[in-house]
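>>> After the sequence you'll find the predicted model.
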Amino acid sequence: DAGVTQSPTHLIKTRGQQVTLRCSPKSGHDTVSWYQQALGQGPQFIFQYYEEEERQRGNFPDRFSGHQFPNYSSELNVNALLLGDSALYLCASSSYRGGAEYEKLFFGSGTQLSVL
Amino acid sequence: QKEVEQNSGPLSVPEGAIASLNCTYSDRGSQSFFWYRQYSGKSPELIMSIYSNGDKEDGRFTAQLNKASQYVSLLIRDSQPSDSATYLCAVKDSSASKIIFGSGTRLSIRP
């Protein structure tokens, strides 16, 4: 049973560039949430996708956008990168049909983004 | 802004002792609470969930919830060096389908 997979593992970009991060949810899961985790901090909620739509959004600027595909995989796009965007980006999947179970998040290994 | 507060630590506990981790939250309507463990350089892993007031035990772990005080705790009995990690308290937002995390408590088990 494949877990949550994310790619790439590491990424180095320069200010002003654009980046796309990818996530495949755990088998049987249909909901994908993205989090940003700065060093020494807890994960901060970016947004959540279900049925190919953004269902919830955290306090992140419009430079952060996403997409969910029919196979439930998801992308996170960040435009006009700033130095402060350097962080670990985590994808978490869950099952919306699972009742209370849907609240349990399964995380991928993350993408470490460095903006120079 | 709904918040989850944790003492950042580090919390140092001798091997074999009980480690006690605490968390408070601001969303009075929250009904679902979680503890995640995150090893250095790794992603968070769910270790406990609790939904009702009182205690919930799973092996060496006990989660405690007091909704009136908006307080959640995690006890780890017979602490092992492998328990050394950052423990993240997480709360389900009562008005949205998102999970809010605290900043984590770093736990160190000394031999």
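Great, that's in hand.
>>> what's the spacing between A:Leu39 and A:Ser86?
In this view, A:Leu39 and A:Ser86 are 9 Å apart by Cβ to Cβ, to the nearest Å. Quick note: C-beta positions are derived from backbone N, CA and C, even for glycine.
>>> touching chain B at all, stretch A:55-71?
Yes: counting by Cβ under 8 Å from any Cβ of the partner chain, chain B is contacted by stretch A:55-71 at A:55-56, A:58-59.
>>> which of those residues are buried?
A:55, A:58 (16 or more other Cβ atoms under 10 Å in any protein chain shown).
>>> Pick out whichever of A:Leu39 and A:Ser86 has more residues nearby.
For A:Leu39 and A:Ser86, the more surrounded residue by other Cβ atoms under 10 Å in any protein chain shown is A:Ser86, and the numbers stand at 17 against 7.
>>> Pull the contacting residues for the residue nearest to that one when sequence neighbours are not counted.
Leaving aside its sequence neighbours, A:Ser86 sits nearest to A:Val115 (Cβ to Cβ, 6 or more residues apart in numbering or on different chains; 4.7 Å). Applying Cβ atoms under 8 Å, 6 or more residues apart in numbering or on different chains, we find A:Val115 in contact with A:13-15, A:17, A:81-86.
>>> and those, which of them are in strands?
Members of these lying in strands (criterion: DSSP state E): A:Lys13.
>>> Of the contacts of A:Val115, just the buried ones, ChimeraX syntax please.
Buried residues among those (16+ other Cβ under 10 Å), as a ChimeraX selection:
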select /A:13,81,85,86
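>>> which one of the contacts of A:Val115 sits closest to chain B?
A:Ser86 (15.7 Å; Cβ to the nearest Cβ).
>>> those strands in chain A, which residues are they?
Under DSSP E, chain A gives strands at A:5-7, A:10-13, A:19-24, A:31-37, A:44-50, A:53-57, A:64-68, A:74-78, A:87-94, A:106-107, A:111-115.
>>> Show me what the longest one is packed against.
Going back to what we said before, that points to strand A:87-94. Packing partners of strand A:87-94 (3 or more Cβ pairs under 8 Å, 6 or more residues apart in numbering or on different chains; DSSP states H and E): strand A:5-7, strand A:19-24, strand A:31-37, strand A:74-78, strand A:106-107, strand A:111-115.
>>> Take the ones you listed and lay them out in TSV including mean pLDDT and distance to B:Phe101.
Output for the helices and strands packed on strand A:87-94, formatted as TSV (pLDDT from 0 to 100; distance: least, Cβ to Cβ, whole Å):
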stretch	mean pLDDT	distance to B:Phe101
strand A:5-7	97	18
strand A:19-24	98	18
strand A:31-37	97	8
strand A:74-78	98	17
strand A:106-107	96	11
strand A:111-115	97	18
